[in-house]
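K.L.:
Fold the following, please.
(chains A, B, C and D)
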Number of protein chains: 2
Amino acid sequence: MNTNSSYLPLTSKDIAKAAKVSQATVSRVLSGNTNVQPETRERVLAVIREMKYRPNGMARAMRTNRTGNIGVVVSRLANPLYPEMLQILGQELTEAGLRMVVWNTDETDEGAAASAVRESLVDGVIMTTATSLSTPLYEAVMMNAPVVLIHRVVEGWPCDQVSSDNTQGAISVADYVVKAGRKRIGLIEGAPLASTIRDRQSAFRSRLTELGRPLDPSLVIRVDSFSHKTGFDAASYLLDLAQPPDVMFCVNDVIALGARDAARARGVDVPGQLWLIGYDDIEMAAWPAFDLTTVRQPLKRMAHEAVALLRDRVSGASLDHSTVCLPTELVIRGSTAGHRMDR
Amino acid sequence: MNTNSSYLPLTSKDIAKAAKVSQATVSRVLSGNTNVQPETRERVLAVIREMKYRPNGMARAMRTNRTGNIGVVVSRLANPLYPEMLQILGQELTEAGLRMVVWNTDETDEGAAASAVRESLVDGVIMTTATSLSTPLYEAVMMNAPVVLIHRVVEGWPCDQVSSDNTQGAISVADYVVKAGRKRIGLIEGAPLASTIRDRQSAFRSRLTELGRPLDPSLVIRVDSFSHKTGFDAASYLLDLAQPPDVMFCVNDVIALGARDAARARGVDVPGQLWLIGYDDIEMAAWPAFDLTTVRQPLKRMAHEAVALLRDRVSGASLDHSTVCLPTELVIRGSTAGHRMDR
DNA sequence: CTGAAAGCGCTAACAG
DNA sequence: CTGTTAGCGCTTTCAG
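P.N.:
Alright, predicted model coming up:
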């Protein structure tokens, strides 16, 4: 006869009683670390199993001052880069025995995350979308809340920061494009608020200048947000110029995918008439429909690093603030090479 | 001189002392609900602001037996449907003042989520990937843990379930395809474990039979997982048949996108030579590169419903278990209509 | 090795 | 309206 179909708010006290030990002993076998006589431990464990007891996490959290929750702030999940980061961060956190609470902020309001750290609802925060305008977060950082910035970083903030080398990535694109002899170089850029975007476009510009091929301002267009549609529209504009570019560098992949579709819609052959280069190497970039040359960020390593840093900080090892910057890789695909997938 | 650059583990007691009131009064102004004299309240609030105090969430959670965390289980975020669901669920939860903790299970192990409810680390769980094989979750449900199933449902489980009408959706596809006079009807199906998939493919089959156009088994192929690649491969197989289908129904959009790319890679014109139909209406389905006819699930309404049900259950209104099933909509795009985006 | 006892910071009666 | 008083379920000394 199964009787536990109703509520069973068991506590360690109940277990103690049933196992004829003190409540403290139950606690000891649960934490596993302290010395308990093997027989006693077995007896207690048996009762726990028998009664299907689970310790109350909140009580433990309150006592230990640690929830095991890590907040992760991403921006609109519509940009496939963020789901990918979430997936990877989730894996890393799970492996570390932590839970991931997600805030999806539409380019604004990381206040919720900042509050949550300050209220001890999460042990720390991994921030993928920080900018110098992230005021509530900045305050949290100043109060020594465990925060690590990943992907986007903010110079001067006293916290751990993990990024990839966006400057180098953009330089490799500039070098590639010039070496390939492209003449009319287009750029679809964005607001220079995020460090990633800023570094990419400014490095791209200055490298081109260095190479004696400064960007023609009429071939540069700025989008105010990152989506397939804005990329589509921006690329359409450039393609409709009397003298359209023969290569476009897009500051991220979503933009580039939109641009690819704009070319498709106009019957512009890629890479025949137009080369297209993105940034991030999201999964879709490799799909035959896009087959996009792009710059890959080492997301896995970045996530791993970020989680490690955050754990150190949460556990109070008050080391200095690290700034790690990992190398990127130019991934050449059909949107710039000679062959084409399109019929 | 800013002195709070160091740790400040303030408690309501500290505020009480500074505001010359009892600690209980501080608690009262924080919860806002109980009667406090306006002047007192103001004084306390002033001190709180002044000292930048934030109440300790864990202590509150322990007292109220409510964390404000809701677990959401999704499967591999590589399927764009899940990020979309996460985004929408996140919005709904945020609006309800709740936090979203995410578990990304690769088609397995929702055990972590089940544990978390049982340990009171989350108030409830929204499950998007349940199947009859989800044992740990089933146990949690049997113990009355607040769980709601969304998207995929499992017949017979005593918990709230929110789905869309996959049967009707598939029927509308069958009707559409037959009415349009397609002759060789292909199907890319999956393992019938998830209710969504099972309902779609079985309804599609039986409707075709009803219409006197039973499915030709040689035009059916089953994939063992859902990704762009598996869709690509499955479609490639069908297209390489001596007599390939002139329409393919894919049990979800990711598969269909892969199929679209397979057609592209082979130079098969869509919709000229091949019609393509997916299911879910993920954001990318509308991109010009795919322009996919598909069936839309009312995700927003489903999420809203699920969160509402979960809140009721968490707050202990021990109503009966609801099963809501919302209508779907056939969205016709270029992959079946007369025009084409491809050059 | 184990039990007794003291709280973690808060909410919620219960008196005044 | 406000203060006093109990704990929530656990971890962690401190004795024995």
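
K.L.:
Please identify the helix or strand for A:V72.
P.N.:
strand A:69-75 (DSSP states H and E).

K.L.:
Show me the strands in chain A, by range?
P.N.:
Listed in chain order, the strands of chain A (DSSP state E) span A:69-75, A:99-105, A:124-127, A:147-150, A:160-164, A:185-190, A:220-223, A:247-250, A:275-277, A:294-296, A:323-326, A:329-331.

K.L.:
Check those for me and report the most buried one.
P.N.:
strand A:247-250 (a mean of 30; mean count of other C-beta atoms under 10 Å in any protein chain shown). C-beta here means a position set from N, CA and C on the backbone, and glycine is covered the same way.

K.L.:
any idea how far A:E110 is from the residue most central in space within chain A?
P.N.:
With distances taken as C-alpha atoms, centre = their mean, A:M85 lies nearest the centre of chain A, 3.8 Å away. Distance, A:M85 to A:E110, using C-beta to C-beta, to the nearest Å: 15 Å.

K.L.:
how about the helices of the stretch 51-200 of chain A, start to end?
P.N.:
Here the stretch 51-200 of chain A has its helices, by DSSP state H, counting those that start in this stretch, at A:57-64, A:81-95, A:111-118, A:135-142, A:166-179, A:195-210.

K.L.:
Please compute how far the fourth one lies from its chain's middle.
P.N.:
What it means is helix A:135-142. The chain centroid and the centroid of helix A:135-142 are separated by 19 Å under C-alpha atoms, centre = their mean, to the nearest Å.

K.L.:
Which positions within that helix qualify as buried?
P.N.:
For helix A:135-142, a neighbour-count test (16 or more other C-beta atoms under 10 Å in any protein chain shown) marks A:L137, A:Y138, A:A140, A:V141 as buried.

K.L.:
Can you lay out those residues as a markdown table showing pLDDT and distance to B:M302?
P.N.:
As requested, those are exported to a markdown table (pLDDT from 0 to 100; distance: C-beta to C-beta, whole Å):
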| residue | pLDDT | distance to B:M302 |
| --- | --- | --- |
| A:L137 | 90 | 32 |
| A:Y138 | 91 | 37 |
| A:A140 | 90 | 34 |
| A:V141 | 92 | 38 |
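
K.L.:
A:N65 contacts A:S120, doesn't it?
P.N.:
Yes: counting by C-beta atoms under 8 Å, A:N65 touches A:S120, with 6.9 Å between them.

K.L.:
who has more neighbours, those two?
P.N.:
Using other C-beta atoms under 10 Å in any protein chain shown as the criterion, A:N65 and A:S120 rank with A:S120 on top: 23 against 11.

K.L.:
quick one: buried residues of stretch A:305-323?
P.N.:
A:E305, A:A306, A:V307, A:A308, A:L309, A:L310, A:R311, A:D312, A:R313, A:V314.

K.L.:
and which of those residues is nearest B:T25?
P.N.:
A:V314 (32.9 Å; C-beta to C-beta).

K.L.:
before we move on, back to that, is chain B contacted by the strand holding A:V72?
P.N.:
Yes: counting by C-beta under 8 Å from any C-beta of the partner chain, chain B has neighbours in strand A:69-75: A:N69.

K.L.:
Can I get that strand as CSV, trimmed to CA atoms?
P.N.:
Presented in CSV, the C-alpha positions along strand A:69-75 are these (Å, rounded to 0.1, in the frame of the first residue of the first chain):
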residue,chain,number,x,y,z
ASN,A,69,22.4,29.3,-8.0
ILE,A,70,24.3,31.3,-10.5
GLY,A,71,22.6,34.0,-12.5
VAL,A,72,23.3,34.4,-16.2
VAL,A,73,22.3,37.4,-18.1
VAL,A,74,21.8,37.2,-21.8
SER,A,75,20.2,39.5,-24.3
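
K.L.:
Contacts for it, please.
P.N.:
A:82, A:85-86, A:89, A:93, A:98-107, A:110, A:113, A:116-117, A:121-129, A:307, A:310, B:69, B:101, B:121 (C-beta atoms under 8 Å, 6 or more residues apart in numbering or on different chains).

K.L.:
what are the pairing partners of that strand, and which direction each?
P.N.:
strand A:99-105 (parallel), strand A:124-127 (parallel) (DSSP bridges).

K.L.:
and the residue nearest to the centre of chain A, what does it touch?
P.N.:
So A:M85 contacts A:V74, A:T128, A:I150, A:H151, A:L299, A:A303 (C-beta under 8 Å, 6+ apart).

K.L.:
got a list of what the residue nearest to the fourth one when sequence neighbours are not counted touches?
P.N.:
To tie it back to what came earlier, the one meant is A:H151. Among residues not flanking A:H151 along the chain, A:T128 sits closest, at 4.6 Å (C-beta to C-beta, 6 or more residues apart in numbering or on different chains). Counting by C-beta under 8 Å, 6+ apart, A:T128 touches A:V72, A:V73, A:V74, A:S75, A:Y82, A:M85, A:I150, A:H151, A:R152.

K.L.:
just A:D291 next, same as before
P.N.:
A:A285, A:R333, A:G334, A:S335, A:M341.

K.L.:
filter those residues down to the ones near DNA strand D?
P.N.:
Filtering the contacts of A:D291 for neighbours of DNA strand D using C-beta under 7 Å from any atom of the strand leaves an empty set.

K.L.:
and which of the residues you listed is nearest to DNA strand C?
P.N.:
Nearest to DNA strand C out of those is A:A285 (C-beta to the nearest atom of the strand; 47.4 Å).
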